[in-house]
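K.L.:
structure here, sequence nowhere to be found:
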């Protein structure tokens, strides 16, 4: 339990330092720790209480050498791969009219 508290303090310090250098961060939990440890080859005796995603914030319209972004239609699909995603419910449209 103490090691998780220590890790949280270290993560907070990391987030503050990264922010002071112009980076954005996101502390995450709720991931599959077993798979993460397997992928990163972390020994079983260690736990992973949180992950901190770190990077440069995306600013709309600013294209300064950042990696290209895919259109939403190229990332999210409907019922099948490549199928168009419909976010609005057709039944709700009929009821509103």
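P.N.:
That came in fine, so what should we check first? What you see is a predicted model; the values in this text were computed from it and never measured.
K.L.:
so which bits of the biggest helix by length in the chain are buried?
P.N.:
The single longest helix within the chain, with elements called by DSSP state H, is helix 2-20. Residues of helix 2-20 classed as buried by neighbour count (16 or more other C-beta atoms under 10 Å): 11, 15. To be clear about C-beta, it is placed using only N, CA and C from the backbone, and glycine gets the same treatment.
K.L.:
who does that helix touch, helix- and strand-wise?
P.N.:
Helices and strands touching helix 2-20, by 3 or more C-beta pairs under 8 Å, 6 or more residues apart in numbering; DSSP states H and E, are strand 24-28, strand 51-55.
K.L.:
show me the residue sitting in the middle of the chain in space.
P.N.:
residue 53 (6.7 Å; C-alpha atoms, centre = their mean).
K.L.:
wait, that residue sits on residue 23?
P.N.:
No. In this structure, residue 53 is not within contact of residue 23 by C-beta atoms under 8 Å, at 10.2 Å.
K.L.:
picking up where we left off before, contacts for the longest helix of the chain, please.
P.N.:
Applying C-beta atoms under 8 Å, 6 or more residues apart in numbering, the external contacts of helix 2-20 come out as 24, 25, 27, 47, 49, 50, 52, 54.
K.L.:
tilt between that helix and strand 24-28?
P.N.:
If you take axes from the mean of the first three to the mean of the last three C-alpha atoms, to 10 degrees, helix 2-20 sits at 160 degrees to strand 24-28.
K.L.:
stretch 15-28 spans what distance, first to last residue?
P.N.:
This stretch, stretch 15-28, spans 12 Å end to end (C-alpha to C-alpha, to the nearest Å).
K.L.:
that's all I had, so thanks and see you.
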